[in-house]
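*Asks:* Could you work out the structure for the sequence below:
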Amino acid sequence: METVLIVDDEKNYPLILAAVLEEEGFETMTANSGQEAIEILSNSDVDLVLTDMKMPSMDGIELLENVKAKDPELPVIMMTAYGTVEKAVEAMQKGAYNYIMKPFENDSLVIYVKKAVAVYQMVKENRQLRSAVKSQYSFGNIIGKSKAMTDVFETIRKIAPTNATVLIEGESGTGKELVAKAIHFNSPRRNKPFVAVNCSAFAETLLESELFGHEKGAFTGAAAMKKGRFELADTGTLFLDEIGELSQNLQVKLLRVLQEKTFERVGGVKSVAADIRIIAATNRKLKDEVEQGRFREDLFYRLNVLPVVLPPLRERNEDIRLLVNHFVKKYAGERKSDIPVTGIEQAAERIFYEYGWPGNVRELENVIERAVILCPDELIRVCDLPRNFKDNAGNTLHLDGIPADASLYDTLTTVEKKMIERAMKMADNVQTHAAQILGIGKSGLSQKLKKYYPELSSKN
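*Replies:* Predicted coordinates:
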């Protein structure tokens, strides 16, 4: 039950308003001064402060400032019989949720209060979600509860305290830079620079200068000495994204830095020390690149001291709901609308599980951001999703894991079992919900569970 703190220096007025709000299901607390209200707030959790503007000693504006210092998101509604445009503007500029003039109709007050409390409930839910995600299903800004991701989290915990070089492999959009940052900010170098460079974003000559810097006059346009990323990352971490794009020439120079911990600026002869930790990332399989002669074997082994392999999103479907909820909350907070987006309808969620996610988590985030912007009401629906996304969902069939000599019956049985597993995960093992996701009756699902998973058939 939500709690409203009512503040007014007229002794009986808070009691009258308390009676009105309690009839609407709110709990109330009352105070007859700003100082008394601050004391209550320091010892109690409330969902809304309803305060008079004009009070002795501490007026409503001063109380508002104190409330916002304690909790910037706690809503405050100002009441006044002495209202002016200037006072209203001042209150709103300082964070008041709304402003109501005395005398007012009780129904109007109730509407104001309900709206403000509903907004704050979303704020609290977001806080709880962030806290739960942070404590249970995340490492830094990386989110997941699948076995594959918890293994990644455990690997990060083990390797972060070291100074060893790390190689992160994974498809585009899987979060390689997030992993690099998680390693850095959980290492002894956390208070030192984290410098990132995308090796695919520069031509070879520009990339060499970008990495190692250059001396004045080293080439046309080099009007002054410039420090490179290696120097900027001194005592910290240098993240080399898309390391597989390095030319053979730069591979040799990077190998020398890793071996000798020194380098020279372009056009220079003086050695510069490199006290940095290297974290490299690639969306290629560098071992294959080595076999094809495109990447130096000695450099590969220098980089691959501590490998981290990020799974594609299609291989960790159980993380989809967690990621969807996270991004809905994130972008709902940025939405410029009076209608808050609170979730996603089941039919739309089903599409998220049927889609192959070639762009991985980055693509999922983009789909959610777009849907939140376009969604006209509280739930994201199928019609709010991109057409190509809807059209492609369910159209990708991965046959790699199916033996070439597999029978049609065995293959269909495998597909059916995997669809049931996925639906049960989506529904948190509630058979009624899983049956709805699959588009079959609960009795039909129960029969299939008895056939394939007798240990689950007794649930629900």
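
*Asks:* Okay, strands next: where are they in the stretch 301-450 of the chain?
*Replies:* 306-309, 343-344, 379-380 (DSSP state E, counting those that start in this stretch).

*Asks:* Could you list the residues in contact with the first one?
*Replies:* The list of residues contacting strand 306-309 from outside it, by Cβ atoms under 8 Å, 6 or more residues apart in numbering, reads 152, 155-156, 159, 162, 164-170, 179. Heads up, the C-betas are built off the backbone N, CA and C, glycines and all.

*Asks:* Convert the C-alpha atoms of stretch 417-430 to PDB, please.
*Replies:* Taking C-alpha atoms only, stretch 417-430 is exported to PDB below (Å, rounded to 0.1, in the frame of the first residue of the first chain):
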ATOM      1  CA  LYS A 417      11.400 -31.100 -27.700                       C
ATOM      2  CA  LYS A 418      13.500 -27.900 -28.200                       C
ATOM      3  CA  MET A 419      10.300 -25.900 -28.800                       C
ATOM      4  CA  ILE A 420       8.800 -27.300 -25.600                       C
ATOM      5  CA  GLU A 421      12.000 -26.600 -23.700                       C
ATOM      6  CA  ARG A 422      12.000 -23.000 -24.900                       C
ATOM      7  CA  ALA A 423       8.400 -22.400 -24.100                       C
ATOM      8  CA  MET A 424       8.800 -23.800 -20.600                       C
ATOM      9  CA  LYS A 425      11.700 -21.400 -20.000                       C
ATOM     10  CA  MET A 426       9.700 -18.500 -21.400                       C
ATOM     11  CA  ALA A 427       6.800 -19.400 -19.100                       C
ATOM     12  CA  ASP A 428       9.100 -20.000 -16.000                       C
ATOM     13  CA  ASN A 429       7.800 -23.700 -16.100                       C
ATOM     14  CA  VAL A 430       4.100 -22.700 -15.800                       C
END
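
*Asks:* Could you check it and say which residues are buried?
*Replies:* Buried positions in stretch 417-430, judged by neighbour count with 16 or more other Cβ atoms under 10 Å: 419, 420, 421, 422, 423, 424, 425, 426, 427.

*Asks:* burial count for residue 362?
*Replies:* 15 (other Cβ atoms under 10 Å).

*Asks:* from memory it sits against residue 173, does it?
*Replies:* Yes: using Cβ atoms under 8 Å, residue 362 is in contact with residue 173, at 3.4 Å.

*Asks:* all helices for the stretch 301-450 of the chain, in order.
*Replies:* In the stretch 301-450 of the chain, the helices defined using DSSP state H, counting those that start in this stretch lie at 320-332, 346-354, 360-374, 387-392, 408-426, 431-438, 442-452.

*Asks:* Contacts only, for residue 30.
*Replies:* Counted by Cβ under 8 Å, 6+ apart, residue 30 has contacts 5, 6, 7, 14, 15, 18.

*Asks:* Quick one: mean pLDDT for the helix or strand harbouring the fourth one?
*Replies:* Assignment of secondary structure by DSSP states H and E places residue 14 within helix 13-23. For helix 13-23, mean pLDDT is 93.

*Asks:* Please tell me how far it is from the chain's geometric centre.
*Replies:* Put simply, helix 13-23 sits 41 Å off its chain's centre (Cα atoms, centre = their mean, to the nearest Å).

*Asks:* now stretch 308-319
*Replies:* For stretch 308-319, the distance to the chain centre is 16 Å (Cα atoms, centre = their mean).

*Asks:* Next: stretch 230-249.
*Replies:* 26 Å.

*Asks:* Ends of that stretch, what's the gap?
*Replies:* 17 Å (Cα to Cα, to the nearest Å).

*Asks:* Report the buried residues of that stretch.
*Replies:* For stretch 230-249, using 16+ other Cβ under 10 Å, the buried residues are 230-231, 233-234, 236-246.

*Asks:* With stretch 15-27 instead?
*Replies:* 17, 18, 20, 21, 26.

*Asks:* Likewise for stretch 295-309?
*Replies:* So, applying 16+ other Cβ under 10 Å, buried residues of stretch 295-309: 295, 296, 299, 300, 302, 303, 304, 306, 308.

*Asks:* Where does residue 5 fall, secondary structure wise?
*Replies:* Using DSSP H and E, residue 5 falls in strand 3-7.

*Asks:* That strand - which strands sit beside it in the sheet, and in what orientation?
*Replies:* strand 27-31 (parallel), strand 48-52 (parallel) (DSSP bridges).

*Asks:* separation between the nearest residue to residue 419 once chain neighbours are set aside and residue 432?
*Replies:* Among residues not flanking residue 419 along the chain, residue 438 sits closest, at 6.6 Å (Cβ to Cβ, 6 or more residues apart in numbering). Residue 438 is 11 Å from residue 432, where distance means Cβ to Cβ, to the nearest Å.

*Asks:* Then residue 249?
*Replies:* Residue 249 is 63 Å from residue 432, by Cβ to Cβ.

*Asks:* got it, and residue 346?
*Replies:* 12 Å.

*Asks:* ok so, going back, now the buried residues of stretch 295-309 in CSV, with distance to residue 204 and pLDDT?
*Replies:* Formatted as CSV, the buried residues of stretch 295-309 follow (distance: Cβ to Cβ, whole Å; pLDDT from 0 to 100):
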residue, distance to residue 204, pLDDT
295, 15, 95
296, 15, 96
299, 16, 96
300, 19, 96
302, 20, 95
303, 19, 96
304, 23, 95
306, 28, 96
308, 27, 96
